[in-house]
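**Student:** give me coordinates for this.
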Amino acid sequence: MQHTPEDPSLLTAPWWVPDGGMHDLELELHRELSSGHLLYEAEVTAEARCEGCDDVLFRVANRPFRWAVVHLTWLGREERAPWPMTTPLADLAELLTEWADHGCNDTEASPPENASGG
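**Tutor:** Numbering: from 1, shown residues only. All right, here's what the predicted structure looks like:
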């Protein structure tokens, strides 16, 4: 049985963990969330970023899922559902299996079919 990392720093490319921290990603997420979004008022920590499409992996503390992959809009304001596009994940094994090739190497990134917003 293969051990699945719960430490995002062990994720393989295209996922990476910037050295300088990712607090700006957390701030932008909170700016974009509307009251109907599944991450609204959630305790989140940005943990990794996809080099190919700029999706962000967030650790989630107070929801039934432990992780979420989010595609921020970077407009600096509250968005309407389904933005920012969010896919909840039970664990990092889901990221490695279902998101292993999520289209980020294509010209335009496209999330898995189960991606959902609020």
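**Student:** excluding chain neighbours, what is closest to Leu89?
**Tutor:** Trp67 (4.1 Å; C-beta to C-beta, 6 or more residues apart in numbering). C-betas here are computed from N, CA, C, even on glycine.
**Student:** thought Val60 was touching Leu39?
**Tutor:** Yes. Contact between Val60 and Leu39 holds when scored by C-beta atoms under 8 Å: they sit 7.1 Å apart.
**Student:** what do the two both touch?
**Tutor:** Ala68 (C-beta atoms under 8 Å, 6 or more residues apart in numbering).
**Student:** which of the two has more residues huddled nearby?
**Tutor:** Leu39 (22 against 19; other C-beta atoms under 10 Å).
**Student:** rewinding a little: contacting residues around the residue nearest to Leu89?
**Tutor:** Glu47, Leu57, Phe58, Arg59, Val60, Pro88, Leu89, Ala90, Asp91, Leu92, Glu94, Leu95.
**Student:** what about it, distance to Gly76?
**Tutor:** 25 Å (C-beta to C-beta, to the nearest Å).
**Student:** before we move on, what about Ala46?
**Tutor:** Distance, Ala46 to Gly76, by C-beta to C-beta: 16 Å.
**Student:** re earlier: list phi and psi for the residue nearest to Leu89.
**Tutor:** When quoted as degrees, to the nearest 10, the phi and psi of Trp67 stand at phi -140, psi 160.
**Student:** and it, bridged to which residues?
**Tutor:** Per DSSP bridges, the residues bridged to Trp67 are Arg59, Leu89.
**Student:** any idea of the pLDDT on it?
**Tutor:** Per-residue confidence at Trp67 stands at 95 (pLDDT).
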